[in-house]
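# Mind looking at a prediction? Sequence and model below.
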Amino acid sequence: MKRILLAALLLLASCSKSGTPDLQISGAWARETVPGQTATAAYMTIHNRGTGDDRLISVEVAAPAKAMLHASESSDGVSRMREMGGGLDLPAGAAAQLKPGGTHVMITGLGAPLRARDVMKLRLRFEKSGPSDVDVAVGAGGR
Ligand SMILES: [Cu+2]
């Protein structure tokens, strides 16, 4: 019995770290829009320097725009995007890169164009760490 309990505890420990997450968000940028375009994508690095796992569960942007988490995948030379319903896992000690061709924050329904040097505000909601506001630099890193 004791051995089974120990095995179960070890399994639990390897699946999920229950310490405190410590998130550092850096390099947030988004593409500027071209005339007539009302959607863009935002990218950033989220480094979990803590001892506990966390998860990015949703992203909010000022109305009328909407933000959602997207994953990109390509098959047969065609790239497609899909909404990440379960959010983005942020394991303790790891860095998640949101970048072109990969995971990104999709922003649709922009009420005004985004120009280089604008700053777009996003609110990221994390399962354990709660909300975190991020300034996204428009244009930077896009060229
Ligand atoms: Cu997308």
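Structure received. Residues are numbered from 1 along each chain as shown.
# CA only for contacts and neighbour counts going forward, please
OK.
# Identify the residue spatially nearest to K99, adjacent ones excluded.
In this structure, K99 finds its nearest non-sequential neighbour in Y43, 5.2 Å apart by Cα to Cα, 6 or more residues apart in numbering.
# any idea which helix or strand carries that neighbour?
If you go by DSSP states H and E, Y43 is part of strand 40-48.
# Now the phi/psi pair for the closest residue to G85 other than its chain neighbours, please.
Spatial nearest neighbour of G85, chain neighbours left out: L69 (7.9 Å); criterion: Cα to Cα, 6+ apart. Main-chain dihedrals, L69, degrees, to the nearest 10: phi -90, psi 130.
# I'd say L69 and T108 touch.
No - if you go by Cα atoms under 8 Å, L69 and T108 don't touch, sitting 11.4 Å apart.
# These two: which is more packed in?
Between L69 and T108, counted using other Cα atoms under 10 Å, the more crowded position is L69 (24 against 17).
# Let me see the contact set for the more buried one.
S58, V59, E83, M84, G85, G87, T103, H104, V105, M106 (Cα atoms under 8 Å, 6 or more residues apart in numbering).
# if we can go back for a sec, tally up the residues packed near the residue nearest to K99, please.
24.
# and if you look at R80?
R80 has 12 neighbours, counted by other Cα under 10 Å.
# roughly how far apart are the closest residue to M44 other than its chain neighbours and Q97?
Leaving aside its sequence neighbours, M44 sits nearest to A28 (Cα to Cα, 6+ apart; 4.2 Å). Distance, A28 to Q97, by Cα to Cα, to the nearest Å: 10 Å.
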